[in-house]
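1. Any chance you can model this:
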Amino acid sequence: RAGSGKRGDGRLHRVLADQGAIRQAVAVYPLGRMEWRRRQVTDSPRQPAYPVASGTTPCARVPREGYRGATTGREKGRAVDLFHTLTELIDLRSFSNLWYWIALAVVWSSASHWVMGVPFDMVYRARKQGGQAALDLEAITRVNVNRMLYITEVSGHWVLGMTCFVLAMLGMLGFYYGVEFAQAVFLLAFPMAIVGLINWNSARRINREGLAGEALARQLTITRLFIQLVGMVAIFVTALWGMYQNLQIGFLG
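-> Predicted coordinates for the structure are as follows:
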């Protein structure tokens, strides 16, 4: 019993000494606790984990390799947690994400309702009621037509160049390098660029011919019909490509 008591006291003293060394190391380098404990367990219990100079702590020579620019363990942990949170909230597997298909439906319903920035319910009301409703339709159409033509004259070349650059970049990233997020954005952006051309062509015709009244409502209706046709084709192609990607890669990645 006396021998066992001495051995127990010796173990207790060693545990207390180890805890004191850890506290001293953590006071200087707070995030070296796990690394220091691992080195103590794997190395000899009677030898320090690192060659320690006088006046320094055992963890003074712990290599501090950061995570993507992080210089301390705390920054490394925060960077890992932030990246994990972002990858959970923003799923780059777009075709298996329900929010992508909701966004696709919202985009095309909005593009079909707002023809050249004019809500299509005003066309119905102008045809049914006439009078002030028709004047309101002509006024809001004139404002949006003049705005589109002014932007085309001032910065049309820049808008065309940037649009082509972004579409080419998304196409290369998506269909050449296989980035699914770029594929999803391209299948949204490219048909919307065609919709923009349809609206711009219709605005030029309205401004050139000075359409008003029933002729203006007919032109807006034809423009909406073309937009709906482009939307049907785009949704069909997007659905086929999305199902192909989900079947090829798998629903759970």
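2. which residues of the stretch 51-200 of the chain score low on pLDDT?
-> Low-confidence segments of the stretch 51-200 of the chain (pLDDT under 70): 51-80, 83-93.
3. swap the cut-off to 50 and go again
-> 51-67 (pLDDT under 50).
4. hey, where'd the strands end up in it?
-> Using DSSP state E, counting those that start in this stretch, the strands of the stretch 51-200 of the chain run over 114-115, 118-119.
5. Tell me the strands beside the first one, with direction?
-> Sheet neighbours of strand 114-115, with direction, are listed as strand 118-119 (antiparallel) (DSSP bridges).
6. What lies in contact with the partner strand?
-> Strand 118-119 is contacted from outside by 113, 137, 140-141, 144, 220, using Cβ atoms under 8 Å, 6 or more residues apart in numbering. Bear in mind the C-beta positions are built from the backbone N, C-alpha and C, glycine included.
7. Would you mind finding the most buried of the strands of the stretch 51-200 of the chain?
-> strand 114-115 (a mean of 20; mean count of other Cβ atoms under 10 Å).
8. Go ahead and name everything in contact with that one.
-> Against strand 114-115 from outside (Cβ under 8 Å, 6+ apart): 120, 123, 199, 202, 220, 223-224, 227.
9. ok, back up a step: Throw together a ChimeraX command that grabs the buried residues out of the contacts of strand 118-119.
-> Entered in ChimeraX, the line below selects the buried ones among the contacts of strand 118-119, by 16 or more other Cβ atoms under 10 Å:
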select :137,141,144,220
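10. Could you dump the contacts of strand 118-119 into a markdown table with distance to residue 211 added?
-> Conversion of these to a markdown table gives the following (distance: Cβ to Cβ, whole Å):
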| residue | distance to residue 211 |
| --- | --- |
| 113 | 20 |
| 137 | 11 |
| 140 | 14 |
| 141 | 8 |
| 144 | 13 |
| 220 | 9 |
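11. check which helix or strand covers the residue lying closest to residue 127 once chain neighbours are set aside.
-> Using Cβ to Cβ, 6 or more residues apart in numbering and skipping the chain neighbours, the partner closest in space to residue 127 is residue 217 (5.5 Å). Per DSSP states H and E: residue 217 is located in helix 214-249.
12. What is the neighbour count of residue 129?
-> Counted by other Cβ atoms under 10 Å, the residues lying close to residue 129 total 10.
13. what do you get for the one 3 residues further on?
-> The number of residues packed near residue 132 is 10, by other Cβ under 10 Å.
14. Check residue 104 too.
-> By the criterion of other Cβ under 10 Å, residue 104 has 20 neighbours.
15. hmm, back to that, same list (the strands of the stretch 51-200 of the chain) but as a markdown table, adding distance to residue 106.
-> As requested, the strands of the stretch 51-200 of the chain are exported to a markdown table (distance: least, Cβ to Cβ, whole Å):
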| stretch | distance to residue 106 |
| --- | --- |
| strand 114-115 | 12 |
| strand 118-119 | 15 |
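16. Out of those, which is closest to residue 187?
-> strand 114-115 (20.6 Å; Cβ to Cβ).
17. Contacts for stretch 201-210, please.
-> With Cβ under 8 Å, 6+ apart as the criterion, stretch 201-210 contacts 115-116, 141, 144-146, 148-149, 211, 215-216, 219-220, 222-223.
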